[in-house]
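In: Compute the structure for the input listed below.
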Amino acid sequence: MSRQQDAKGVVLTGYISNSEALLAPSINCNDDVESSSTSRRMGHYSVQSRSRNAPAKPPYNRCNSQDSLDELSMDDYWTEVENIHQSGDTEPQEEVQLKVPDEGEQEEAWLKEAGLANLFDVSASDPDDSMALLSTLTRTQAAAVERRVETLCQTLRKKNRQHHVPDVRDIFKLPGPPGAKLDADALPAQRSENGKGDVASADHAGSAGGNGATPRDQGGPESETDINLEVSFSEQALSYREGSKGSEAQTDTDDKLPNFKLCRDKTGMTKVGDLSPQDMKKVRRLVLIEMTALFDTAGIDLKTHKAVKLKVKESGLFGVPLATLLEQDQRRMPGTKVPLILQRLINHIEEEGLNTEGLLRIPGAATRVKAVCQELEAKFYEGLFPWESLKQHDAASVLKLFIRELPHPLLTVEYLSAFISVLKLPTKKQQLQALNLLVLLLPESSRDTLKALMEFFQRVIDHKEQNKMTLNNVAVVMAPNIFMFKGFRSKISEQQEFTMATGTANIVRLLIRYQNLLWTIPKFIMNQVRKQNMENQKKMSRERAMKKLLKKMAYDREKSEKQEKNTTETDSLQGFIRVQAPQFSKVSMAVQVTEELQAADILARFLSQESAVSVRREDLCLYEIGGNIKERCLDEETYMKDLLELNPSAEWVIKSVQR
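Out: The predicted structure is shown next:
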């Protein structure tokens, strides 16, 4: 019996207005391409019947979203689809069920995920938390929230649901600095095209917790390849639209996509994994609102989906949900973020050498791959699997099968259509910004696994002179493995599949090419988190002042804190900060703050005076703790004086970190 017959099935229920929206999101196509006798090159590969003598089909429209992915380069895609069929791992599965949501259901789910459920249900959460979140929003973000609240309120009134239904104008009458008022009159019209009824200038976004001038303020226009992380992406998109700019110049060749780079932030770049779970929760809510605002600004209607898990495998290696697999692995190796089987497959391929020609493209023998999977299921965790006998192409095929066999797609049912819709955005820069937000929205297990895969693919590409696998080659081969999940392909036509082929290959291409940018948390989001933390601290201070019974304890604590604060203030007045290192023999050190002092300098100075450090230099990090952030691992190029001005109440601690 094959492994697939042993595995239990899975049914995913997606909430969507119609099946076409998920299955084949529209992509603007301009140039007609003449028909060709090469059926697969022209998208005439028969998916369902797999007949090699399929009759000719109408020619497809070549999309300008392809850029350098010309019709010839897509041959590998259709060859991969054929290999997937011939591998025998696509036995009949229970199909994805698509459910049309009730009126208002989409908006209600969105508001709950954004942490704003109490806007329509006062019993849902603490309203002060929502007020703190709302007070940080930019104009475009507030407009996105307003649209969902207004639609939901209209629906609830129609249904006479027993919820508190506030007036939208009341929600956005929030206190704030001049120019940041978010009342309904100041919000943009839903589909204003004249520029006057829409969001104000992009520099307003910087006022939502912003700190410091934007590159535009510092003189000269912003470069087309500079990614500005200080101003809300949706605000930048609105400025682009109102400026009626022409389309970006498109590049033609494989690895010569625009060389986008991030504008360096003197207060330090923040990567995924640098923040505490509490702050990451705030980040995710703000990112959801910002992502929605960005698509709203471009006039793209996103339909999110929800996966309903009915029956899945609860153990094993293949066909197991990522979260379940990681729980299983973490019992054996605490702190595991990427499934052990995937790590081992990648390590094996790299140990055997990345110079193998056609790596990832040339499939392993289907019978051997199936036998390897069965043997891995039986012997992997016992350490008895004979890795020395596993061939390179077989290992690559097993890796791809592992991704395909995930019961929920790696990019999740919730956001799969959003990933595909990224190519509808008008510029490469906006597409990249949208991908940045979507990566941050993914569950931690999917995000970490995706990162490990993208890093591996880049290492394969680095050896392209030997293995003949360029960026395009890897993208078109991996796209069907990442986007075509179980029960999905039987629901789409050949023309729909071809439309998705070029689009999904382009998405994978962007994920690989710009991976160093996509796992970065934008500064404007970080500033909003800081502002939200400050609002919550004010609320907590008011609550503490009312607790009379704890007065004595509070007095003792405040006395101790005051002494520490006086010491810190004395150091600060003299231009010093005090760095703590509780894990080491030298537990404290005063460091003079200068204009050029960076986090790396502090680490180097500490290590030069510490003789008993047993951890590696790369495993140490300087942390910003307290003040307007919970905890943040600092980028080594962080300028301490600038960060101290942004968060003067923070403490500075050196700790070892698990990367």
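
In: residue ranges for the strands of this protein, please.
Out: Using DSSP state E, the strands found in the chain span residues 13-15, 31-32, 61-62, 97-99, 226-227, 261-262, 270-271, 520-521, 576-580, 588-592, 620-626, 629-633, 651-656.

In: quick one: buried residues of the last one?
Out: For strand 651-656, the neighbour count (16 or more other CB atoms under 10 Å) marks Glu651, Trp652, Val653, Ile654, Lys655 as buried. Yep, even glycine has a C-beta here, placed from its N, CA and C like the rest.

In: Also stretch 511-529?
Out: 511-515, 517-529.

In: Then stretch 358-371?
Out: Gly358, Leu359, Leu360, Arg361, Ile362, Pro363, Gly364, Val369, Lys370.

In: picking that back up, so can I have JSON lines of the strands of the chain showing distance to Arg148?
Out: Formatted as JSON lines, the strands of the chain follow (distance: least, CB to CB, whole Å):
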{"stretch": "strand 13-15", "distance to Arg148": "15"}
{"stretch": "strand 31-32", "distance to Arg148": "37"}
{"stretch": "strand 61-62", "distance to Arg148": "34"}
{"stretch": "strand 97-99", "distance to Arg148": "20"}
{"stretch": "strand 226-227", "distance to Arg148": "27"}
{"stretch": "strand 261-262", "distance to Arg148": "30"}
{"stretch": "strand 270-271", "distance to Arg148": "27"}
{"stretch": "strand 520-521", "distance to Arg148": "24"}
{"stretch": "strand 576-580", "distance to Arg148": "43"}
{"stretch": "strand 588-592", "distance to Arg148": "47"}
{"stretch": "strand 620-626", "distance to Arg148": "34"}
{"stretch": "strand 629-633", "distance to Arg148": "28"}
{"stretch": "strand 651-656", "distance to Arg148": "39"}
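
In: what's the most buried one of those?
Out: strand 520-521 (a mean of 22; mean count of other CB atoms under 10 Å).

In: now the strands of the chain in CSV, with distance to Lys428 and mean pLDDT?
Out: Shown next, in CSV, are the strands of the chain (distance: least, CB to CB, whole Å; pLDDT from 0 to 100):
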stretch, distance to Lys428, mean pLDDT
strand 13-15, 29, 39
strand 31-32, 18, 37
strand 61-62, 18, 36
strand 97-99, 31, 53
strand 226-227, 11, 88
strand 261-262, 13, 86
strand 270-271, 22, 95
strand 520-521, 17, 96
strand 576-580, 41, 91
strand 588-592, 42, 89
strand 620-626, 33, 94
strand 629-633, 30, 95
strand 651-656, 38, 92
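
In: re earlier: go through the buried residues of stretch 358-371 and say which is closest to Gln466.
Out: Among these, Leu359 lies closest to Gln466 (CB to CB), at 9.3 Å.

In: any idea how far the closest one lies from Val476?
Out: The gap separating Leu359 from Val476 is 14 Å, by CB to CB, to the nearest Å.

In: Repeat that for Lys538.
Out: Taking CB to CB, one finds Lys538 at 53 Å from Val476.

In: go on, Phe483?
Out: 12 Å.
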